[in-house]
Structure formats: C-alpha cells, structure tokens
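Chemist: All I have is the shape, not the residue letters:
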C-alpha cells in the first residue's frame, strides 16, 4: 500500500513556473513507477509524465515536452514535477499515481493522490 499526497499547486500567470511535489508514505516507494496525470473541467483525466523506479527513465506527453520535468528523490520518498512556461491550457487538477513493476507506462496505476489545483491565467 502506498499513500500519496500532492502539493505545490496554485495560481500563476502564463509563462510562469510551479513545482509540484508528490510525497509518499507506506511500503517500498522506490519499487514503484510514479506518474503525474491531470484533469481539466469537463475533460477526461490525461497522462502527463512518468518516471522509473530509479529515476533513469522518464516519459512525457507531447504537449508538455520541453516545458515540464519529472524527477524523484527516493531518500525523501518524493517525486517532483517542475512546470515551466505554463500555458492556460495547463489548467487542471494534477494527480500523482503509483504502479508496481518496471514499465514507465501511461496506464495501470494502482494508487492515487487526491490532487492539487493548478490554474494558469492568461
């Protein structure tokens, strides 16, 4: 069992930056792939980024490549999402999630946090 808590959301102007954190508790954080997802009002939840257990491999959805960076600190049981050059279309509730196994995947996540709101004004 892994419990996840997101933080770092807020209101920012277009072009600004935010860093989201996903703090985990429970067993074997370093044995889980961690992903970030987002859900905008009236839209389905979508994959944003994911990172392997060691942090050596990452994956991003095309719309955030070059602007967002996912990283992890296993000693602190925390994953980060650095978001730069934010756009109004990045506005959403951002969730982190964990999955067992080694695949850096867009699906198959077993544990979810409750989310943090990110609002980007134009």
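Modeler: Arrived safely, thanks for sending. All of these numbers come straight from a predicted model, not from anything done at the bench.
Chemist: Nearest the middle, which residue of this structure would you pick?
Modeler: In the chain, the centroid-proximal residue (CA atoms, centre = their mean) is residue 36; its distance is 2.5 Å.
Chemist: element containing that residue?
Modeler: strand 33-39 (DSSP states H and E).
Chemist: List the neighbouring strands of that strand plus their orientation.
Modeler: strand 46-51 (antiparallel), strand 92-99 (antiparallel) (DSSP bridges).
Chemist: So which bits of it are buried?
Modeler: Neighbour counts over strand 33-39 (16 or more other CB atoms under 10 Å) mark 33, 34, 35, 36, 37, 38 as buried. All C-beta atoms are positioned from the backbone trio N, CA, C, and that covers glycine.
Chemist: before we move on, the earlier item: so can I have JSON lines of the strands paired with strand 33-39 showing mean neighbour count and mean pLDDT?
Modeler: Compiled in JSON lines, those are given as follows (neighbours: other CB atoms under 10 Å; pLDDT from 0 to 100):
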{"stretch": "strand 46-51", "mean neighbour count": "22", "mean pLDDT": "98"}
{"stretch": "strand 92-99", "mean neighbour count": "23", "mean pLDDT": "97"}
